[in-house]
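Engineer: whatever this is, show me its structure:
(one chain, ligands or ions: 2)
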Amino acid sequence: MGNKLLEKMSKITATSKEAVSDILVLEFTIVNACLIGDPMSDNKDFVLVDTGLENSADFILESIDKRFGKGNKPQCIILTHGHFDHVGSVVKLSEQWDVPVYIHELELPYVIGKKDYPLADPSVDGGGVSRMSKSFPHTSIDIEDRVEILPPDGSVPGMSGWKWIHTPGHTEGHISLFREIDRVIIAGDVFSTTKQESLISVITQKQEISGPPAYLTVDWKAAKESIINLRQLNPYIAIPSHGKSMRGKQVTDHLDMLIEHFDEIAKSEQGKFLDK
Ligand SMILES: [Zn+2]
Ligand SMILES: [Zn+2]
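Structural biologist: Ligands and ions are numbered 1, 2, ... in the order given. Model prediction:
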């Protein structure tokens, strides 16, 4: 099963869901993106966080038309990192809208054609998606003309009240977004809530939270530290890029579980990135 099939699946079943009144989660089956902004506000300002796959642009545009009025466009695009399932529509949309794209400086080389991600590691035990991961695009896109570095003070352009947090491990320059007032985190790929066979289901009798997508994660030590950092924020709502949002006590309970049993739950035993 290759990448094209994944793209097809994600198009057929794209849906959206409000996490809170000013966050719309766009779900492209295998990956999510978010529209952040209050559709009831007078100015209807909003921001797009991540851009899904290459064929996600139509659904993103339709969702914006419905929510913020026809032809409206975001103030900017924020990328959690540069993997293909997060930057898939960024070239097309940023050009069409003529808006800046913000990313962490360590992630910059991967979106301006300077550095490629390592090839995905299909030997990890992550189920169906990891088996097809070898066909995932890993070469750098080039958005040099539009890309900007996130402000060093932690603020997020176009998203007042939010902070970006450097959460490396899955990739070098991965970021998550946090809003203090309602303790929402947009986690990116720091952890996922996709249901896949994993040891946590044995431990908790549920299949809820898991580590970052294993077939692409490059630094497991940093990945664990990033989860600990997000846990310390006491999140009340967690929106991961892969899987459904979680809220309430289950967020912190599951993060505690994931941290405590990180090696068993998140790490793969055969993965080629394990020793790094
Ligand atoms: Zn990723
Ligand atoms: Zn991802």
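Engineer: show me the contacts for the closest residue in space to Arg183 that isn't next to it in sequence.
Structural biologist: Using C-beta to C-beta, 6 or more residues apart in numbering and skipping the chain neighbours, the partner closest in space to Arg183 is Tyr236 (4.0 Å). For every residue, glycine as well, the C-beta is placed using N, CA and C. Listed by C-beta atoms under 8 Å, 6 or more residues apart in numbering, the contact set of Tyr236 reads 182-184, 247-248, 251.
Engineer: roughly how far does Tyr236 sit from Asp189?
Structural biologist: 20 Å (C-beta to C-beta, to the nearest Å).
Engineer: what's around Gly248, how many residues?
Structural biologist: Residues contacting Gly248 under the criterion other C-beta atoms under 10 Å number 9.
Engineer: show the pLDDT at it.
Structural biologist: pLDDT, Gly248: 93.
Engineer: OK, contacts around it?
Structural biologist: Here Gly248 is in contact with Tyr236 (C-beta under 8 Å, 6+ apart).
Engineer: give the phi and psi angles for it, as a check.
Structural biologist: Taking degrees, to the nearest 10, you get phi 80, psi -150 for the backbone angles of Gly248.
Engineer: can you list the residues that contact stretch 53-73?
Structural biologist: By C-beta under 8 Å, 6+ apart, stretch 53-73 touches 6-7, 10-11, 14, 16, 24, 26, 28, 30-31, 33, 35, 37, 39, 44, 46, 48, 51-52, 74, 84-85, 88-89, 92-93, 97, 99.
Engineer: Arg67 belongs to a helix?
Structural biologist: Yes - with DSSP: H, G, I helix; E, B strand; the rest coil as the criterion, Arg67 is assigned to a helix.
Engineer: the residue nearest to Arg183 and His174: what is the separation?
Structural biologist: Tyr236 sits 22 Å away from His174, going by C-beta to C-beta.
Engineer: Val47 now?
Structural biologist: 18 Å.
Engineer: neighbour count for those two, which is higher?
Structural biologist: The residue with more neighbours, out of Val47 and His174, is His174; 32 against 21, by other C-beta under 10 Å.
Engineer: ok, that one - contacts?
Structural biologist: The contact partners of His174, taken as C-beta under 8 Å, 6+ apart, are 80-81, 104, 107, 166-168, 188-190, 226.
Engineer: show me the residues you listed that map onto strands.
Structural biologist: Among those, the residues falling in strands (DSSP state E) are 166, 188.
Engineer: give me the buried entries from the contacts of His174.
Structural biologist: Buried subset of the contacts of His174 (neighbour count, 16 or more other C-beta atoms under 10 Å): 80-81, 104, 107, 166-168, 188-190, 226.
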